[in-house]
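Asker: no FASTA, just this:
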C-alpha cells in the first residue's frame, strides 16, 4: 500500500506544480510561459524521483507504468493499482488548484491563463489553434514514446543509476518545450484526466486523445526497448 500512496502523492505534486505553473504564469508571455511550464513539470518529476523513487520507483504516470509492465518489470496487479492511485493523485492535485483559482477573480487576473491559451484555468490539455486531431494524436504518441523510452533506458540495469531521475526530468522538460504549442503536452493520462474533470466541456471531449496517445506511445517504447536492450536482466 505504501507504493500506491507514494504514486498518489507523487502524481498530486506533479499536477499541482506542473499545471499550477501553466495556470498562474500566463502573463509572462508565450515563450517564457512555455519554458516556465516545461520546467514546472520537469522539476516536479526530478523532485519526486528523489523523494518517492525509493518507495515506488516514481512512475507518477500511467504511460510509464504500462511501459514498465510490458517490459516485465512489475506485476499486472501492481500496474493496475499504480494507475488507479496516479489518477486519484491527479484529481486531488487538480481539486487543490481548482479551489485556489475559484477563490480568485480569474477574469481580471492577468497572470491566470484563460480559455484558448496554452492552458485553461484548470491546466487541462487541449488541441491548440490550427492543430488537427490527427496531428495532436501523433504528437502525443511520438513524444510519449521518446519519454518512456528514456525512462526504460535510464532505469535499466547498467543505466543512469542515481542520475536517472535527473535525466527523466530533463527529458520531460524537452518534450514540453516542443509539444506545449501543439497539445499543451500530456504524455501522461493521469495528468490530463484530473484537470479535464474540473474543466469539462471540450477538455472532456478531447480527453481520449491524451489517454490513447500516451498509451500507444508507451507500448511502442516498450516494444523498441525490448528489442534493443542488451541486458535482459
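Answerer: Structure's in. What do you need? Predicted model only: the values in this text are computed from it and were never measured.

Asker: so for the residue minimising distance to the centre of the chain, what's the nearest residue that isn't a sequence neighbour?
Answerer: When C-alpha atoms, centre = their mean is applied to the chain, the residue found nearest the centroid is residue 188 (3.7 Å). Take residue 188 and drop its neighbours on the chain: the residue closest to it by C-beta to C-beta, 6 or more residues apart in numbering is residue 61, 4.3 Å away. No exception for glycine: its C-beta is placed from N, CA and C like everyone else's.

Asker: repeat that for residue 159.
Answerer: Nearest in space to residue 159, with sequence neighbours left out and distances taken as C-beta to C-beta, 6+ apart, is residue 153 at 5.9 Å.

Asker: low-scoring stretches of this protein, by residue?
Answerer: For the chain, applying pLDDT under 70 flags the ranges 27-29, 106-107, 114-118, 232-233.

Asker: can you rerun that using 90?
Answerer: Within the chain, the segments meeting pLDDT under 90 span 1, 24-33, 102-121, 128-129, 157-162, 200-202, 229-233.

Asker: tell me which residue of it is furthest from the middle?
Answerer: residue 108 (28.8 Å).

Asker: show me where this protein has helices.
Answerer: Counting by DSSP state H, the chain has helices at residues 2-23, 30-56, 62-70, 76-102, 133-154, 164-183, 189-199, 201-205, 209-228.

Asker: which helices and strands does the second one pack with?
Answerer: Okay, so that is helix 30-56. helix 2-23, helix 164-183 (3 or more C-beta pairs under 8 Å, 6 or more residues apart in numbering; DSSP states H and E).

Asker: residues contacting the closest residue to residue 221 other than its chain neighbours?
Answerer: The shortest distance from residue 221 to any residue that is not its chain neighbour, by C-beta to C-beta, 6+ apart, is 3.8 Å, and that residue is residue 148. With contact taken as C-beta atoms under 8 Å, 6 or more residues apart in numbering, residue 148 is in contact with 63-64, 67, 217-218, 221-222.

Asker: kindly write the ChimeraX command that selects the buried subset of these.
Answerer: The following ChimeraX selection, which keeps only the buried ones among the contacts of residue 148, applies the criterion 16 or more other C-beta atoms under 10 Å:
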select :63,64,67,217,218,221,222
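
Asker: just the helices and strands packed on helix 30-56: most buried one?
Answerer: Of all those, helix 2-23 has the most neighbours on average by mean count of other C-beta atoms under 10 Å, namely a mean of 24.

Asker: returning to that earlier point: tabulate the helices and strands packed on helix 30-56 (TSV), appending distance to residue 120.
Answerer: Conversion of those to TSV gives the following (distance: least, C-beta to C-beta, whole Å):
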stretch	distance to residue 120
helix 2-23	8
helix 164-183	13
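
Asker: so which of those is nearest residue 42?
Answerer: When the helices and strands packed on helix 30-56 are ranked by proximity to residue 42, the top entry is helix 164-183, at 3.4 Å, counting by C-beta to C-beta.

Asker: can you say which of the helices and strands packed on helix 30-56 is nearest to residue 97?
Answerer: When the helices and strands packed on helix 30-56 are ranked by proximity to residue 97, the top entry is helix 2-23, at 5.7 Å, counting by C-beta to C-beta.

Asker: and the gap between the nearest residue to residue 11 once chain neighbours are set aside and residue 191?
Answerer: Sequence neighbours aside, residue 89 is the residue nearest to residue 11 in space, at 3.3 Å (criterion: C-beta to C-beta, 6+ apart). According to C-beta to C-beta, to the nearest Å, residue 89 and residue 191 sit 10 Å apart.
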